[in-house]
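Participant: Pasted the sequence and its predicted model underneath.
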Amino acid sequence: MQLQDKRCVVTGAASGIGVAIAQCFAQEGAKLVLADRDSEKLAAMVTQCQQLGAECHGVVADVGEVSGATAAVDACLARFDGIDVLVNNAGMLTQARCTDITLEMWEEMMAVDLRSVFLATQRALPAMLAQRWGRVINVASQLGIKGGAELCHYAAAKAGVIGFTKSLALEVSSQNVLVNAIAPGPIETPLIDGINTAWKKAKAAELPLGRFGLAEEVAPVALLLASEPGGNLFVGQTLGPNSGDVMP
């Protein structure tokens, strides 16, 4: 029970990596606030975590909206009188050549994949700093490190998440608030449903491991960063469960 009674927020918790992290945290004794914009899937996820023995609440929210980005943190502060772990996992992915990316596509990507990370983290920080303990875990992407053709807007947002993670870590680690990122490679989740088959086939062939990862192979990385003593020395790091796609 590595997260016994830790008050944890997971955004994008009704799909993909968010589901796996929520399940993992529930099994490890966390008190959970889960957020997602899909109310039906979120309700099912909350029930599942409760069945695993966790105290769990759901918040229907779209992190692309300013109020939605902070809704789960606000709920955690209200219900549990504080917050210990924030997992900024919610995100979106679309595919287009740079010349075809509209301003609306660009701004939506930045709002969902980057601005929401800033807003939720900024809301959580005062409570974490006051108690001199906190963990912020931002789900980025290996494409934020290496880039990706037809994914300029996505890679730019995720690179921003990594830069934000490092900069904030320099600000708050001395107060025992540890900020890190996870940059998964291609993972078999609904997030990649909109990517064409040719791209996915070519990407799989590039990977030293020869396959995409699974969400349940990423969740233990989040648990490591959230736990003690396992996560105690990670400061501003970007961990890469990426099938060998990036080797820093």
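Facilitator: Looks like it arrived, so ask away. All figures in this text were calculated on a predicted structure; none of them were measured in a lab.
Participant: Dihedrals phi and psi, the most centrally placed residue in the chain?
Facilitator: Per C-alpha atoms, centre = their mean, the C-alpha nearest to the average position across the chain is that of residue 89, at 2.0 Å. Here the main-chain torsion angles of residue 89 (degrees, to the nearest 10) amount to phi -110, psi -30.
Participant: In the helix or strand hosting residue 68, which residues are buried?
Facilitator: According to DSSP states H and E, residue 68 maps onto helix 66-80. Of the residues in helix 66-80, those buried under the neighbour-count criterion (16 or more other C-beta atoms under 10 Å) are 68-77, 80. Yep, even glycine has a C-beta here, placed from its N, CA and C like the rest.
Participant: Beyond it, next helix or strand please.
Facilitator: Following helix 66-80 in sequence order, the next helix or strand is strand 85-88 (DSSP H and E).
Participant: Show me what secondary structure element comes after that next one.
Facilitator: Going down the chain from strand 85-88, the next helix or strand is helix 103-110, by DSSP H and E.
Participant: Next secondary structure element downstream of the host helix or strand of residue 162?
Facilitator: Take DSSP H and E as the rule and residue 162 turns out to sit in helix 152-172. From helix 152-172 onward toward the C-terminus, using DSSP H and E, the following helix or strand is strand 177-182.
Participant: which other helices and strands contact the helix or strand that comes right after that next one?
Facilitator: Later in the chain than strand 177-182, the nearest helix or strand by DSSP H and E is helix 197-206. Applying 3 or more C-beta pairs under 8 Å, 6 or more residues apart in numbering; DSSP states H and E, we find helix 197-206 packed against no helix or strand.
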